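> Test case, fold it:
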Amino acid sequence: MTNVESLRKQIGCFIDIDFEQIDQALRSHPCESTVFDIDLTNDAPLLHLKEWLKRKPANAAAIFLTDKASLLQHARACALGATDILHRPIDGRELLTKLWGDVGSLSVDHGNMAIRKSPAVAAAVDALQSIFSSASLGEPLNSASIKSAGDAIVDHIETMGLIAWIDTVRRHHSLTYQHCLLVTGLAVAFGQQIGVSRADRQRLSFAGMLHDIGKARIPVAILEKPGRLDEDEMAVMRKHPQFGFDALETTSALPAEMLDMVIHHHEYLDGSGYPHGLCGNEITDLVRMITIVDVFGALIERRSYKPPLSGSVAHQILLDMGPKLDKDLVRAFQSVADLGPHQ
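Alright, predicted model coming up:
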């Protein structure tokens, strides 16, 4: 059976885990993810377990551990309603991949010639892959590669313009990568339009690429769902700012402003945002800027269930959000929206 302390050491810093005997677990309600390491030849608890699993949330994971050579254990796990099967001895990183999905698959877009032909976009994709990998594996952030990509992005926006960036990155197959790339380009263009220094535009690029790092710990099935998220899925998605902060707090020597931006880019000035309900002066200028480009980016990205909005329509929505956003920055963002897509 599983070495509890070994598994806790492997993945305890990534997710909250509890270990229970099967009879104790069956007296509680099914949760988002459960891993079963039980004797599948013992019939006594299996009927109760099958009924218990019928009550689990629709997208909840039920992962069973089996001996690799046992076809009987595999068959019984499937009959009980296993969503996935792992072989003993369990590997913590393999388990995380089963729980979250293969986040590395999001970056793969070999057939996309537009992205491959753009050095700046290709560098940004590589940097995002490094960012998401570090968050999912608990490794230090490679700040040098992010800064190098940021330099290329600043050059690209200066020479090629924002619309060329948008047209290219909206072709990326991953909704998650598309959004991060849009936010990064928009942040750089915003800095350029309001006349900040090149160093500050590189800082905005770094923030754009980093802001959604917590999504590396959200199940890929939710991240890349082609339709709208339901309430349960949205509740999981809303955890990504905290996940991002947790991933960075102990592994990377980042400026405090970057950690603040990662955890607070969904806060609104009127206190209606999350995760902490900050308001007014509690929200820094960098967070205010990234929040604006984050909302705008979501409005103009391509989704299967909605057409992308034009820059002018998306900017009007920012204006209509009133006290939620910094009105002076939203007005200043008008010039960026005018450079954006017409559809």
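> C-alpha only now, for contacts and for neighbours.
Fine.
> so where's the stretch 1-150 of the chain uncertain?
In the predicted model of the stretch 1-150 of the chain, residues 1-3, 9-15, 101-112 satisfy pLDDT under 70.
> contacting residues around the residue nearest the centre of the chain?
Geometric centre of the chain, nearest residue: K215, 1.5 Å, by C-alpha atoms, centre = their mean. For K215, the contact set (C-alpha atoms under 8 Å, 6 or more residues apart in numbering) comprises 132, 223, 237, 240, 243-244.
> Report the spatially nearest residue to A207, omitting neighbours in sequence.
M258 (6.6 Å; C-alpha to C-alpha, 6 or more residues apart in numbering).
> Packing partners of the strand or helix carrying the one you found?
For M258, the element it lies in under DSSP states H and E is helix 256-264. Helix 256-264 makes packing contacts with helix 198-210, helix 240-249, helix 285-300 when contacts are defined by 3 or more C-alpha pairs under 8 Å, 6 or more residues apart in numbering; DSSP states H and E.
> Just give me the lowest mean pLDDT stretch among the ones you listed.
The minimum mean pLDDT among the helices and strands packed on helix 256-264 belongs to helix 240-249 (a mean of 92).
> Residues contacting that helix, please?
14, 135, 138, 140-141, 211-215, 217-218, 254, 259, 262-266, 275.
> and if you look at stretch 43-62?
By C-alpha under 8 Å, 6+ apart, the residues outside stretch 43-62 that reach it are 22-23, 26, 29-36, 40, 80-84, 99.
> cutoff 6 Å now
If you take C-alpha atoms under 6 Å, 6 or more residues apart in numbering as the criterion, stretch 43-62 is touched by 30, 32-35, 80, 82-83.
> buried ones in that stretch?
46, 49, 52-53, 56, 61-62 (16 or more other C-alpha atoms under 10 Å).
> Next: stretch 113-123.
Going by 16+ other C-alpha under 10 Å, stretch 113-123 has these buried residues: 115-116, 120-123.
> Please name the strands paired to the biggest strand by length in the chain in the sheet, noting orientation.
Identified as the longest strand of the chain according to DSSP state E is strand 61-66. Here strand 61-66 has these sheet partners by DSSP bridges: strand 33-36 (parallel), strand 84-87 (parallel).
> That one: what's the following helix or strand?
helix 71-80.
> Just the residues contacting that following helix, thanks.
Applying C-alpha under 6 Å, 6+ apart, the contact partners of helix 71-80 are 40, 50, 66.
> Would you mind putting those residues into CSV with distance to I90 alongside?
Shown next, in CSV, are the contacts of helix 71-80 (distance: C-alpha to C-alpha, whole Å):
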residue, distance to I90
L40, 16
K50, 23
T66, 10
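> which of these lies closest to K324?
If you rank these by distance to K324 using C-alpha to C-alpha, K50 comes first, at 46.9 Å.
> Assumed the closest one was part of a helix.
Yes. Judged by DSSP: H, G, I helix; E, B strand; the rest coil, K50 forms part of a helix.
> any weak-confidence spans in the stretch 201-343 of the chain?
Those would be 251, 343, if you go by pLDDT under 70 across the stretch 201-343 of the chain.
> So H264 versus L128, what's the distance?
Relative to L128, H264 is positioned 20 Å away (C-alpha to C-alpha, to the nearest Å).
> Go through the contacts of helix 240-249 and flag which are in helices.
135, 259, 262-264 (DSSP state H).
> so how many other residues sit close to E282?
Each residue near E282 was counted by other C-alpha atoms under 10 Å, and the total is 12.
> same thing with R288?
R288: 23 surrounding residues under other C-alpha under 10 Å.
> Apart from its neighbours in sequence, what residue is nearest it?
With sequence-adjacent residues excluded and distances taken as C-alpha to C-alpha, 6+ apart, R288 is closest to D326, at 6.7 Å.
> Could I get the phi/psi values of that neighbour?
Dihedral angles phi and psi of D326 (degrees, to the nearest 10) take the values phi -70, psi 110.
> What of the one 10 residues further on?
Torsion angles at V336 (phi, psi; degrees, to the nearest 10) stand at phi -70, psi -40.
> Repeat that for K324.
phi -70, psi -30.
> ok, it touching Y268?
Yes. Counting by C-alpha atoms under 6 Å, Y268 is a contact partner of K324 at 4.8 Å.
> When the two are compared, which one has more neighbours?
Y268 (25 against 20).
> Now V262: closest residue in space, sequence neighbours ignored.
Using C-alpha to C-alpha, 6+ apart and skipping the chain neighbours, the partner closest in space to V262 is H211 (4.8 Å).
> what number of residues lie near the one you found?
Neighbour tally, H211, other C-alpha under 10 Å: 29.
> Just to check, it is in contact with I263?
No. The criterion here is C-alpha under 6 Å, and H211 misses it with I263 at 8.1 Å.
> quick one on the thing from earlier: restricted to helices, list the buried residues of stretch 113-123.
115-116, 120-123.
> right, and out of those residues, which lies closest to Q316?
Nearest to Q316 among these: V121, at 28.1 Å, using C-alpha to C-alpha.
> For V183, see how far away the residue lying closest to that closest one once chain neighbours are set aside is.
Spatial nearest neighbour of V121, chain neighbours left out: I115 (5.9 Å); criterion: C-alpha to C-alpha, 6+ apart. Separation of I115 from V183 (C-alpha to C-alpha): 16 Å.
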